[in-house]
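J.: could you look at this predicted model? Sequence included:
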Amino acid sequence: MRQRTKLAITITSILLPAHFAMAQSDLSALEARINELESRVASAEKTAQEAQQDAAAFEFTGYARSGLIANDDFNGAQGTGVGMTPVGGLGGHIGRLGVEDDTYVEANLIHRRTADNGSSAYYKIMLADGQESKNPWTADSSQVNVRQAFAEFSNLSSFSGAFKDAKIWAGKRFDRDNFDIHFLDSDIVYLAGTGAGIYDVQLGDNWKSNFSVYGHDFSDVDGNDIESYTVTMNNHIGQWQLMVNGIIAKDNEENGTNDAENGLHALLAYHADSFYGISDGFSKTGVIAGHGLGAEVKNIGSDGNLTDDAKSVRFFTYGVTRFADNWRIAPAFMTQYSKDQYQENDKFVWATLNVRLAQEFTDNFEMVYEGTYQYMDLDNASDEAKGSFYKATVAPTFKLSTAGGFFDRPELRFAVSYVDWSNELDGSYSINGATKTLGDGGEAFFALQMETWF
Amino acid sequence: MRQRTKLAITITSILLPAHFAMAQSDLSALEARINELESRVASAEKTAQEAQQDAAAFEFTGYARSGLIANDDFNGAQGTGVGMTPVGGLGGHIGRLGVEDDTYVEANLIHRRTADNGSSAYYKIMLADGQESKNPWTADSSQVNVRQAFAEFSNLSSFSGAFKDAKIWAGKRFDRDNFDIHFLDSDIVYLAGTGAGIYDVQLGDNWKSNFSVYGHDFSDVDGNDIESYTVTMNNHIGQWQLMVNGIIAKDNEENGTNDAENGLHALLAYHADSFYGISDGFSKTGVIAGHGLGAEVKNIGSDGNLTDDAKSVRFFTYGVTRFADNWRIAPAFMTQYSKDQYQENDKFVWATLNVRLAQEFTDNFEMVYEGTYQYMDLDNASDEAKGSFYKATVAPTFKLSTAGGFFDRPELRFAVSYVDWSNELDGSYSINGATKTLGDGGEAFFALQMETWF
Amino acid sequence: MRQRTKLAITITSILLPAHFAMAQSDLSALEARINELESRVASAEKTAQEAQQDAAAFEFTGYARSGLIANDDFNGAQGTGVGMTPVGGLGGHIGRLGVEDDTYVEANLIHRRTADNGSSAYYKIMLADGQESKNPWTADSSQVNVRQAFAEFSNLSSFSGAFKDAKIWAGKRFDRDNFDIHFLDSDIVYLAGTGAGIYDVQLGDNWKSNFSVYGHDFSDVDGNDIESYTVTMNNHIGQWQLMVNGIIAKDNEENGTNDAENGLHALLAYHADSFYGISDGFSKTGVIAGHGLGAEVKNIGSDGNLTDDAKSVRFFTYGVTRFADNWRIAPAFMTQYSKDQYQENDKFVWATLNVRLAQEFTDNFEMVYEGTYQYMDLDNASDEAKGSFYKATVAPTFKLSTAGGFFDRPELRFAVSYVDWSNELDGSYSINGATKTLGDGGEAFFALQMETWF
């Protein structure tokens, strides 16, 4: 046995090492390569993460539209725009498609920072310019200005309870919860200015509230810097939104007779995640009311010419849906009643109905149609105007992907519009110092335009 | 046999497992490490790609020059610049080296987006400012304005045939095919404004065409917004370029007596990929002609003061080559004949010859020399001027790599220039409302300047 | 033996291959996976590095403050600010906490490029705006301007010896070695303008020097562009700094009687890396003196109204330290004596003592306190004013990490300030054309503000 054992040992001693040595050296070689790979991967991970953090620290976002409009005399179409009718200054916009002639640009530069404790900061400035000139050097008419400059904190490590997810901010900004009817180029509420606030205080399971104060400059009378301060509370309870605003502007009566020194404003809105419950899409419906300085129901706290007795109520609804494989629709309706706005006994009533349709032909091309009907019954206390305004627009439109829907941008479009109005609206009409001149009616426009946001 | 077999089995059973268990556990360990590596690599790849996409979505490009010039009295050298001679307003630039005193900045913010279908969008805004003030707060003289804001689509998934590689755009922009003689700070054609167009329509194997329309604002007369529209076609056939432009400005005769309401303009150019066929480098040669609103042959469609009968023809050529190990040369020549431009019977003839030389000393330092000779024979219909202008400049120049050639930037330079002119050109001369004053002649300038683009 | 050997061989031949084949195929499989991993890692490394380089080529940095101040009448607090007292125009700032009412923004866009030879370039433009308006559209009062636009080279491959680490630059910029007392919103030296220079010439083991020239525009008199040129030398020897400036402004006497045409200016400062040698932190102490155009001791070379005989001397010191677990302190003191500044025999003496304290409560919240005492004894050669000014501010402050100390930003703060002054300072007082009006004294301010830099 010993001999045989020895024999077998000898045999395996002879044979195995040959195999094993090879295997072992292979293993060692592989192990060495794995070791090296592990350190290279660690280094690549670090580089990639740093690159990602570097890239994430900065963000560029923006909005722009730019184009030109010629009328049927082949002149520049002066005076077109969503606010071209006598109620434009009151917020009575017509549909925007094919009537916006300006180059309007918003460029946002954003910086993010996260501290070791996880608290993070968001800083944003917005540079903006808007003008009618088609020329490539517009220094003389430049409107370049800083519209926003604010910082907002979130994930604050020492915040807890109802404030756990709260965000706090200060600076000059557009309120986070502003929202708009894109097709009318009209915010539903546009609260903006310089101030501070807190967002997303959790007051209940399904209830978040925001509290802020915003300042505006009204004027500078005899060395008195008259500012308005808007205190705002915004509540989101499920899909309902209730916003309440109080406005105060000390010494504003020095500004003009009957000018209000305070105001109240409220919005009740329902944000539906379907198109009025009948199809996919979304819809938003609500009512806004204001008194005194609150009677400018959209641009909250920004109008210092309102009277003590001014009162306004506005109703709005709009929605977006797809109603066939290659058809989309977006109706919008807005109406307002205002009394004693800028003069005792002035009275303004108007309503706008706008419908936008899109018919998709290819990945990159769709026909877009828009029709507006606007009614107005105006009495500025010295002059009356009553009548209707009509607009119809057809816009062959290019985009990256028509499947992206109404809000996919950029879009490059050509547009032909026809506008007309009641004879009673021919000529000029003034509200709050802004004079709108409609001329003799019945005009066609030809437009080329780019629009983008990102 | 059984016993022996059993014996051998026993032996191997004893011996092998020891080796094998080790090998197998080694293998399993390695395999586990490889598994982990694979998932780490997948994650690092994703992070790196996302970082790359994030970085690629935004791009910052720009141009800037900034510096100061003192004359030999140690005052700021007012009135220097490429357009300092009486024909400056007609495009008769002198060599730019050592005479540009302004801080001129172009900052481009670019956003890219690619849709899932591969269609991609390029969005660019250009902010620009230009001014003479040396001070670090220039709000009062600020010229900050938005020169460009446009979107351009490419790779459109639904485009095919001649349009397969076509790009479409709209907004405010500098035409893509503008090109310049850098040394004269002069575009050869500068077509810019607000409009829309299509690039790179493939009309033949070797033939690409572009079609666009650009609007300009001329003026606002009695509420009439007078705009010009330039319809342009640009053909690239091999190294030949043929550009044809038609310009119309309805009602421009209301602007001033004899003001043209339309115009024609054409450019024929040859873009050679050698220095006139005699050495490496490149050269560009061509002729431009225009009538009516087309008689401003460089800034196409931007001059509303041209008469109905205005006619201009311009010839240009310039090239760049290396003629010794450490020497480079760039000659440029431009000449123009214009008649009935702004008045009946005005007549302007001028020619500019400019030569720039660079002598490389180290990686980072070169001496740059520039000489200009300009001849002019001017008759603005009420006053004549005829004579010559001379400039010589020496500029010790620092750059990152002199091997990069004439167009490598940034450059930091010191420059000494001497300018002189015929006595007949002393004093002031006006063309199209722009008055140029040359003074008594014979002046030296000392300049410090940074110039960059990227 | 043969048979047995054969037997054993047979046995091992039977048994081993089974094991070995498995091991070998395992090995091959692993090797293949490692091969693939290696190529994926190489590719991920490349992607990550490119992404990192892309991200590094651009950098966005900035400064901003934005907020609002209401006085105890609930009006905007017009006229507040660090320069609100009669010596504000002479650089006699009060503490900034709670008194700055403007939205001031600096946005820097930075581009980096490194050539193959290692030489690298840094290009920076700064866009800035500053204004009091609280409104979100400020085109009418916009101050947007380009404050800086310069390029700087470093690591120049052909530089050696004392110039090996030297950096050269040209353009419009703030001098790199400007430094400030943050709490007073006051630079200690602010040298800026358009010019060129060289930094970090190594003159000794512990001695680095900078040499630059900066131009400023004073005015444009009868077509004469009057500019000042400041030639500056800055020496850093260990923790000592010696700066010497010579200023010349040819023809400045045409600007106004007695206006200086040249000036001298010097700064001697000690930059300590401890709080006056008694605790951790830092402190900076020095003296600045100037004559003629150098008598504006902070904004070097920027004031063209100084007389031939103007002389000023300023002493400053400030420091920052932590004096308890959750308490920090930053005292600052600045005093100046000036004579014959803008009129023969005018005489201005002032001193400011400011103390800022911070008491940390949580990671994200601290109370900040600031007190200022300022004394002034002024004689503008036609009118005297003498007295004291007091300010006390309490500011509840949010930040990402209070552990970050006084210079961690962003900060969001609420502030209540009380300011008062001697009755003798009620009313208006003018120095160098700038009139400051303090009113009747004893006023409280309420402020909300964001401040950030990055």
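T.: In hand now; what should we look at?

J.: from here on, just use CA atoms for contacts and neighbour counts.
T.: OK.

J.: OK, contacts around residue A:174?
T.: Residues in contact with residue A:174 (C-alpha atoms under 8 Å, 6 or more residues apart in numbering or on different chains) are A:148, A:190-193, C:136.

J.: what subset of these is buried?
T.: Among the contacts of residue A:174, those classed as buried by 16 or more other C-alpha atoms under 10 Å in any protein chain shown are A:148, A:190-193, C:136.

J.: max pairwise distance over these: which two?
T.: Farthest-apart pair in the buried ones among the contacts of residue A:174 is A:148 and A:190; separation 13.4 Å (C-alpha to C-alpha).

J.: quick check, pLDDT for residue A:439.
T.: pLDDT, residue A:439: 81.

J.: residues touching it, list them.
T.: A:426-428.

J.: who wins for neighbours among those residues?
T.: Using other C-alpha atoms under 10 Å in any protein chain shown as the neighbour criterion, residue A:426 leads the contacts of residue A:439 with 16 neighbours.

J.: and after the helix-or-strand element of chain A with minimal mean pLDDT, which helix or strand comes next?
T.: Lowest mean confidence among the helices and strands of chain A (mean pLDDT, DSSP states H and E): helix A:2-57, at a mean of 75. For helix A:2-57, the succeeding helix or strand toward the C-terminus, using DSSP states H and E, is strand A:58-71.

J.: any idea of the mean pLDDT in the helix or strand harbouring residue A:229?
T.: Assigned by DSSP H and E, residue A:229 falls within strand A:224-237. In this model, strand A:224-237 carries a mean pLDDT of 93.

J.: got it, and stretch A:81-95?
T.: Averaging pLDDT along stretch A:81-95 gives 96.

J.: repeat for stretch A:408-421
T.: The model assigns stretch A:408-421 a mean pLDDT of 97.

J.: how about that stretch and chain B, any contact?
T.: Yes - using C-alpha under 8 Å from any C-alpha of the partner chain, stretch A:408-421 reaches chain B at A:410, A:412-413.

J.: and the strands in the stretch 201-350 of chain A?
T.: Using DSSP state E, counting those that start in this stretch, the strands of the stretch 201-350 of chain A run over A:207-221, A:224-237, A:240-248, A:262-272, A:282-292, A:311-324, A:327-339, A:347-360.

J.: want to throw those strands into a markdown table with distance to chain B and mean neighbour count?
T.: Output for these, formatted as a markdown table (distance: least, C-alpha to the nearest C-alpha, whole Å; neighbours: other C-alpha atoms under 10 Å in any protein chain shown):
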| stretch | distance to chain B | mean neighbour count |
| --- | --- | --- |
| strand A:207-221 | 21 | 21 |
| strand A:224-237 | 23 | 23 |
| strand A:240-248 | 33 | 20 |
| strand A:262-272 | 28 | 21 |
| strand A:282-292 | 23 | 22 |
| strand A:311-324 | 21 | 20 |
| strand A:327-339 | 18 | 21 |
| strand A:347-360 | 12 | 22 |
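
J.: could these go into CSV alongside distance to residue B:418?
T.: Converted to CSV, the strands of the stretch 201-350 of chain A look like this (distance: least, C-alpha to C-alpha, whole Å):
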stretch, distance to residue B:418
strand A:207-221, 54
strand A:224-237, 55
strand A:240-248, 66
strand A:262-272, 68
strand A:282-292, 70
strand A:311-324, 69
strand A:327-339, 68
strand A:347-360, 65
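
J.: tilt between the strand holding residue A:229 and strand C:58-71?
T.: Relative orientation of strand A:224-237 and strand C:58-71, computed by axes from the mean of the first three to the mean of the last three C-alpha atoms, to 10 degrees: 110 degrees.

J.: I'd like to know which elements strand A:224-237 is packed against.
T.: For strand A:224-237, the contact count by 3 or more C-alpha pairs under 8 Å, 6 or more residues apart in numbering or on different chains; DSSP states H and E identifies strand A:207-221, strand A:240-248 as packing neighbours.
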